[in-house]
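Asks: have a look at this prediction, sequence included:
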Amino acid sequence: MTKNQLMRIRTLLFGLMMPMVGFAQTYDLPNPDNVPAPCHPVPHKRQILWNETEFYAFFHYGMNTFTGLEWGFGNEDEKTYAPLGKPDPEQWVTSVKAAGMRGGIAVVKHHDGFCLWPTATTEHSIKNSGNEYGRTTNIPELFAQASTKHNMKYGFYISPWDRNSAHYGKDTYVTEVFLKQCEELAEYGSDQFEMWFDGARGGDGYYGGEGGSRNIDAEIYYDVPNLRARVHRIAPNCIMWGVGGEARWIGNESGYAGESNWAMTDYLSETVVREEGDINGWFWNPGESDAKATSGGWFWHQGEWIHSAERLFQMYLETVGRNATLILNCPPDQYGVLPEHTVNRLVELGQMLHQRLAVPVEGLNAPATDLAKTATITVDDTRDGGTNGNYGKDNLTDGNKETYWGTNDGDLDATITLTWETPQTIRYLVMQEPIKLGQRIKDFKIEYSEDGSTWTELCPNMQTTTVGYKRIIPLNGSTSSSYGNGYSAKQLRITILDSRACPLLSNLNVY
């Protein structure tokens, strides 16, 4: 059976299931608080928790750190992995926390198949490392412990493709190697937030000395539904990225998402524009952007440098600020620590995020002032609250993610106006939708008035379309030179022009 035939069968099966799942007979249920109906699709609770992580680190470290390769062939001598000092995952965690990150993912098995923990599935692991530093340092165990200690979320990258294993491409690999490795890693913490499976689907490799090339159909071969069930049984809030199907690759490794970015796609679609998602998609599939903080590859390389804080800040605006998450790679060196220049740059980035967008950073006490909290806010439509419901404008600035402002059913446009007694210098607008009820807004515009009577449109050349979990708009329309002198505004007006259902906003900030 060909891949296209399988895809058609899957599509038919999903089509047959949809009447039972999404379009079953409905009944008029009591709704005394007039709660808005969900605008489907909607996320699972674990996907909402994942989205709230927003900005987190990637730590590419392993055999490739010592060979200088990016993709090891799988035939590397285990003794080549010989750290020059005791690897220190706690240093990784504290360094990225200073940048305003909320978690991290450690690469503990790449395509070469070398495992950074004493797995029972293969001898190609730290058990046979070249020195005591390597043999006695269980990276996932220490990484999970350090993350928990510093209140950071954590997860692991485990490559489905294994160029070392003689089992790969055969029936025995998934049951005897891959699933067991995933379960071993899940045991390092039931509170993991993401397990990262890249899209590699095989190719040439060592394969236990047999060599040759082996290719597979990832969805079928890795038994993805069973994989999800087994990991979720141990770690219920763990998102299965990539092959796991609970979050999508944003489509590039350059640190940007589309200015229009929907958190939906069609399941297994091969035509979706990953950077933008699909407004008509029926499957909640939010985007994650993986990008490199350094100039080299994903693994550490001698002589590489780290991007400027301004460039990293731009990546943040173009990912977290466009309804995606950002996983920023910070590779440890051969001593098993982040180099000093990386650590210093991360501190600089954290200060910038704190001072410009009030991102919480431990040890910093002078965040940007949220000017929305000092404004008088008016709206031209407020949803009827029923018996006990509250959908008023105060919910926009109360700091409670569970409350939201909204309009009445059928009202797909609205205007929100912020007014200050004296002109304020404004640079950024932040908006968030309560995504537990679906992504709704699809067109809006922003205007400001310096004198309270004459209005000027801001960002006319930027796509002010989607909001989603979070949208950060640099009001000068540029992410590459976003700070600038700002605008002196007595009023700021956001006009929602169109929505998929009555628009809702849970948060509004102005900096």
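Replies: Now that the structure is in, tell me what you want to look at. Numbering: from 1, shown residues only.

Asks: surely residue 274 forms part of a helix?
Replies: No - if the criterion is DSSP: H, G, I helix; E, B strand; the rest coil, then residue 274 is coil and not within a helix.

Asks: quickly find the element holding the most far-flung residue of the chain relative to its centre.
Replies: Relative to the centre of the chain, the most outlying C-alpha is that of residue 453, 40.8 Å out, by CA atoms, centre = their mean. Following DSSP states H and E, one finds residue 453 outside all helices and strands.

Asks: let's number from 53 now, not from 1
Replies: Fine by me, first position is 53 from now on; the one you just mentioned is residue 505.

Asks: that one and residue 314, how far apart?
Replies: Distance from residue 505 to residue 314, counting by CB to CB, to the nearest Å: 37 Å. For the C-beta atoms, the positions are set from N, CA and C on the backbone; glycine is no exception.

Asks: repeat that for residue 478.
Replies: Distance of residue 478 to residue 314, computed by CB to CB: 27 Å.

Asks: who's more crowded, these two?
Replies: Taking neighbours as other CB atoms under 10 Å, residue 478 and residue 314 compare with residue 314 leading, 25 against 20.

Asks: not counting sequence-adjacent ones, nearest residue to that one?
Replies: Nearest residue to residue 314 in three dimensions, chain neighbours excluded: residue 329, at 3.3 Å (CB to CB, 6 or more residues apart in numbering).

Asks: find the helix or strand that that neighbour is a member of.
Replies: Residue 329 belongs to no helix or strand when assigned by DSSP H and E.

Asks: need the pLDDT of it.
Replies: pLDDT recorded at residue 329 is 96.

Asks: and the gap between it and residue 256?
Replies: 34 Å.

Asks: give me the more crowded residue out of the two.
Replies: Taking other CB under 10 Å, residue 329 and residue 256 do not tie; residue 329 has more neighbours (29 against 13).

Asks: ok, that one - contacts?
Replies: By CB atoms under 8 Å, 6 or more residues apart in numbering, residue 329 lies in contact with 300, 310, 313-317, 337, 339.

Asks: please redo it, this time with the cut-off set to 6 Å
Replies: Taking CB atoms under 6 Å, 6 or more residues apart in numbering, we find residue 329 in contact with 313-314, 316-317.

Asks: one more: residue 251?
Replies: Shown in contact with residue 251 (CB under 6 Å, 6+ apart): residue 294.

Asks: report pLDDT for the most centrally placed residue in the chain.
Replies: Centroid-nearest residue in the chain, with CA atoms, centre = their mean: residue 377, separated by 2.9 Å. Looking at residue 377, its pLDDT reads 98.

Asks: tell me where the stretch 453-563 of the chain has strands.
Replies: Here the stretch 453-563 of the chain has its strands, by DSSP state E, counting those that start in this stretch, at 457-458, 466-478, 480-484, 493-501, 508-510, 523-526, 539-551, 556-557, 559-562.

Asks: tell me the most buried of these?
Replies: Among the strands of the stretch 453-563 of the chain, the stretch with the highest mean neighbour count (mean count of other CB atoms under 10 Å) is strand 457-458, at a mean of 28.

Asks: I'd like to check what contacts that strand. Which residues are they?
Replies: Residues outside strand 457-458 that contact it (CB under 6 Å, 6+ apart): 88, 435, 443, 445, 447-448, 554, 556-557.

Asks: could you redo the last one with a cut-off of 7 Å?
Replies: Strand 457-458 has contacts (CB atoms under 7 Å, 6 or more residues apart in numbering) with 88, 431, 435, 443-445, 447-448, 554-557.

Asks: each with direction, which strands does it pair with?
Replies: Paired with strand 457-458 in the same sheet, following DSSP bridges, are strand 556-557 (antiparallel).

Asks: returning to that earlier point: can you name the residues that contact the residue nearest to the centre of the chain?
Replies: 103, 105-106, 340-341, 371.

Asks: by neighbours, which of those wins?
Replies: Using other CB under 10 Å as the neighbour test, the contacts of residue 377 are led by residue 371, with 28 neighbours.

Asks: could you check the pLDDT of the closest residue to residue 462 other than its chain neighbours?
Replies: Take residue 462 and drop its neighbours on the chain: the residue closest to it by CB to CB, 6+ apart is residue 554, 7.0 Å away. Reading off the confidence values, residue 554 has pLDDT 98.

Asks: give the rounded mean pLDDT of stretch 150-169.
Replies: 98.

Asks: ends of it, how far apart?
Replies: One end of stretch 150-169 to the other measures 27 Å (CA to CA, to the nearest Å).

Asks: quick check: residue 319 touching residue 335?
Replies: Yes - Residue 319 lies in contact with residue 335 (CB atoms under 7 Å); the separation is 4.4 Å.

Asks: between these two, which one's more packed in?
Replies: A count of neighbours by other CB under 10 Å puts residue 335 above the other of residue 319 and residue 335, at 17 against 14.

Asks: let me see the backbone angles for that one.
Replies: Residue 335 has phi and psi values of phi -120, psi 120 when expressed as degrees, to the nearest 10.

Asks: just to check, it is in contact with residue 314?
Replies: No - with contact defined as CB under 7 Å, residue 335 does not count as touching residue 314 (11.0 Å).

Asks: ok, residue 500 to residue 562 distance?
Replies: Distance from residue 500 to residue 562, by CB to CB: 10 Å.

Asks: joint contacts of the two?
Replies: Going by CB under 7 Å, 6+ apart, residues that sit against residue 500 and also against residue 562 are 478, 544.

Asks: and whatever helix or strand residue 404 lives in, what's buried?
Replies: Residue 404 is part of helix 392-409 when elements are defined by DSSP H and E. For helix 392-409, the neighbour count (16 or more other CB atoms under 10 Å) marks 394-395, 397-409 as buried.

Asks: that helix to strand 480-484, inter-axis angle?
Replies: 80 degrees (axes from the mean of the first three to the mean of the last three CA atoms, to 10 degrees).

Asks: residues in contact with helix 392-409?
Replies: Under CB under 7 Å, 6+ apart, the answer for helix 392-409 is 147-148, 150-152, 358, 361, 364-365, 368, 382, 411, 413, 416, 419-420, 480, 524, 535, 563.

Asks: and with 6 Å instead?
Replies: Helix 392-409 is contacted by residues 147, 150-152, 358, 361, 364-365, 382, 411, 413, 416, 419-420, 563 when judged by CB under 6 Å, 6+ apart.

Asks: ramachandran angles for the closest residue to residue 366 other than its chain neighbours?
Replies: The shortest distance from residue 366 to any non-neighbouring residue, by CB to CB, 6+ apart, is to residue 531 (5.1 Å). Main-chain torsions, residue 531, degrees, to the nearest 10: phi -90, psi -20.

Asks: do residue 177 as well
Replies: Backbone dihedrals for residue 177, given as degrees, to the nearest 10, come out at phi -160, psi -180.

Asks: you'd agree it is up against residue 168?
Replies: No - here residue 177 does not reach residue 168: they are 7.5 Å apart, not a contact under CB atoms under 6 Å.

Asks: compare those two and say which is more crowded by neighbours.
Replies: Counted by other CB under 10 Å, residue 177 and residue 168 do not tie: residue 168 has more neighbours, with 27 against 23.

Asks: now residue 156, nearest residue through space, not along the chain?
Replies: In space, residue 156 comes closest to residue 109 once its chain neighbours are excluded; the distance is 3.8 Å by CB to CB, 6+ apart.

Asks: quick one: the helices in the protein?
Replies: All helices of the chain, identified by DSSP state H, fall at 55-73, 97-103, 116-119, 141-149, 184-187, 191-201, 223-225, 231-238, 270-273, 276-286, 361-371, 392-409.

Asks: circling back: mind picking the lowest-pLDDT entry from the contacts of residue 329?
Replies: Within the contacts of residue 329, residue 317 has the lowest pLDDT, namely 93.
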